[in-house]
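Engineer: coords please:
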Amino acid sequence: MWLLSIKKWAKKVSVWCIQHWRWLALLAAFLVTYILGGRKNRSLLIQAKLAKDQYKSEVNIIETAHKKEVEGRKKAHKKHSSAIESVTRTREKKSEALNKRKTKLANNLTDEDVKDWLDKKNFEEK
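Structural biologist: The predicted structure follows:
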């Protein structure tokens, strides 16, 4: 009895399949492409994740290098500014000392010293 039931069910299925063979072909094609493409998509997904991780690591490396460069430039600028200030201060101190020395020498000179100096020089009239 159950064999007849299975035979009847098989005939119904075969008739339905004959009538809807296009739908079955599309379904089979979809399943085949999904199964075959799924493996390829998994590998592509893994490659995309690896590329993303690589990109993030490169971005981090670039950011740290940029921060180091900026810090180095700030330090160099600060060192340059302090060196210029130091040179300026030293120059001002030496200039003041020279001016004091000139004033002291000028104050200590007498008219006789000036005459002696002028006599030692040979000035010619034009």
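
Engineer: which helix or strand contains Ser82?
Structural biologist: Element membership for Ser82, per DSSP states H and E: helix 21-108.

Engineer: after that helix, which helix or strand is next?
Structural biologist: Next helix or strand after helix 21-108 toward the C-terminus (DSSP H and E): helix 111-120.

Engineer: follow-up on the earlier one: next, the angle from the helix holding Ser82 to helix 111-120.
Structural biologist: Comparing the axes of helix 21-108 and helix 111-120 via axes from the mean of the first three to the mean of the last three Cα atoms, to 10 degrees yields an angle of 110 degrees.

Engineer: burial measure for Leu45, as a count.
Structural biologist: For Leu45, the count of nearby residues is 10 (other Cβ atoms under 10 Å). To be clear about C-beta, it is placed using only N, CA and C from the backbone, and glycine gets the same treatment.

Engineer: now Asn99: how far from Ile35?
Structural biologist: To Ile35, Asn99 is 96 Å away according to Cβ to Cβ, to the nearest Å.

Engineer: repeat for Lys74
Structural biologist: In terms of Cβ to Cβ, Lys74 sits 59 Å off from Ile35.

Engineer: off-centre distance for the helix holding Ser82?
Structural biologist: Taking Cα atoms, centre = their mean, to the nearest Å, the mean C-alpha location of helix 21-108 is offset from the chain mean by 3 Å.

Engineer: stretch 96-114 too?
Structural biologist: Here stretch 96-114 is found 61 Å from its chain centre; the criterion is Cα atoms, centre = their mean.

Engineer: CA atoms only for the lowest-mean-pLDDT helix or strand in the chain - export them in PDB, please.
Structural biologist: The least trusted helix or strand in the chain, going by mean pLDDT, DSSP states H and E, turns out to be helix 111-120, with a mean of 78. Below are the C-alpha coordinates for helix 111-120, written out as PDB (Å, rounded to 0.1, in the frame of the first residue of the first chain):
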ATOM      1  CA  ASP A 111      93.700 117.300  24.800                       C
ATOM      2  CA  GLU A 112      97.400 116.500  24.900                       C
ATOM      3  CA  ASP A 113      96.600 112.800  24.000                       C
ATOM      4  CA  VAL A 114      94.500 113.900  21.100                       C
ATOM      5  CA  LYS A 115      97.200 116.200  19.800                       C
ATOM      6  CA  ASP A 116      99.900 113.500  20.100                       C
ATOM      7  CA  TRP A 117      97.700 111.000  18.200                       C
ATOM      8  CA  LEU A 118      97.000 113.600  15.500                       C
ATOM      9  CA  ASP A 119     100.700 114.400  15.200                       C
ATOM     10  CA  LYS A 120     101.500 110.700  14.700                       C
END
